[in-house]
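*Asks:* Just the structure for this:
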Amino acid sequence: MDTEGTEGSVRVDAWIWSVRLTKTRSQAAAACKAGHVRVNGVRVKPAHTVHAGDQVRLFHEGRERLVVVSRIIRKRVGAPVAVQAYVDNSPPPPPKEFTAPVAVRDRGAGRPTKRDRREMERLQQPPR
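*Replies:* Numbering: from 1, shown residues only. The predicted structure is shown next:
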């Protein structure tokens, strides 16, 4: 049994884990069971096999990943090798939410006055 190549097939949960789309194989299997994995547009179970050329769509951690299988990998490999096993057609990740800067006061400055507190609250509100 070879660990990588273009021939044959492998379970979809094992392939998703081996190319590092999920951290663990159990997360990949859970995503399949929950209906978050589609192969060529069809919802699949964890034991479904993938072949080179299949399109895998994965919804994981609030992000949609759309990849095309270019190589079959049966065991987890390093990130540089894993990236070569698929073509990533995913939409760009959503922008990070705006977080207001935390007000920093000098050590020993004491408790903020009412005026200071109102100014800090004004700075922490998102722009209108």
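*Asks:* Which stretches in this protein count as helices?
*Replies:* 12-18, 25-33, 79-83, 114-124 (DSSP state H).
*Asks:* Of all those, which one comes closest to E64?
*Replies:* E64 sits nearest to helix 25-33 of all those, at 11.8 Å, using CB to CB. Just so you know, the C-beta spots here come from the backbone N, C-alpha and C atoms, and that holds for glycine as well.
*Asks:* which residues make contact with that closest one from outside it?
*Replies:* With contact meaning CB atoms under 8 Å, 6 or more residues apart in numbering, helix 25-33 is reached by 12-14, 16-17, 21-22, 37, 44-46, 48, 58-60.
*Asks:* now with 6 Å?
*Replies:* For helix 25-33, contacts defined as CB atoms under 6 Å, 6 or more residues apart in numbering pick out 13, 16-17, 22, 37, 45-46, 60.
*Asks:* Save those residues as JSON lines, and put in distance to K96 too.
*Replies:* JSON lines is the format used below for the contacts of helix 25-33 (distance: CB to CB, whole Å):
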{"residue": "D13", "distance to K96": "29"}
{"residue": "I16", "distance to K96": "25"}
{"residue": "W17", "distance to K96": "26"}
{"residue": "T22", "distance to K96": "21"}
{"residue": "V37", "distance to K96": "26"}
{"residue": "K45", "distance to K96": "34"}
{"residue": "P46", "distance to K96": "32"}
{"residue": "H60", "distance to K96": "18"}
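*Asks:* picking that back up, name the stretch among the helices of the chain that sits most buried.
*Replies:* helix 12-18 (a mean of 24; mean count of other CB atoms under 10 Å).
*Asks:* Tell me the gap between that helix and the middle of its chain.
*Replies:* Offset of helix 12-18 from its chain centre (CA atoms, centre = their mean, to the nearest Å): 14 Å.
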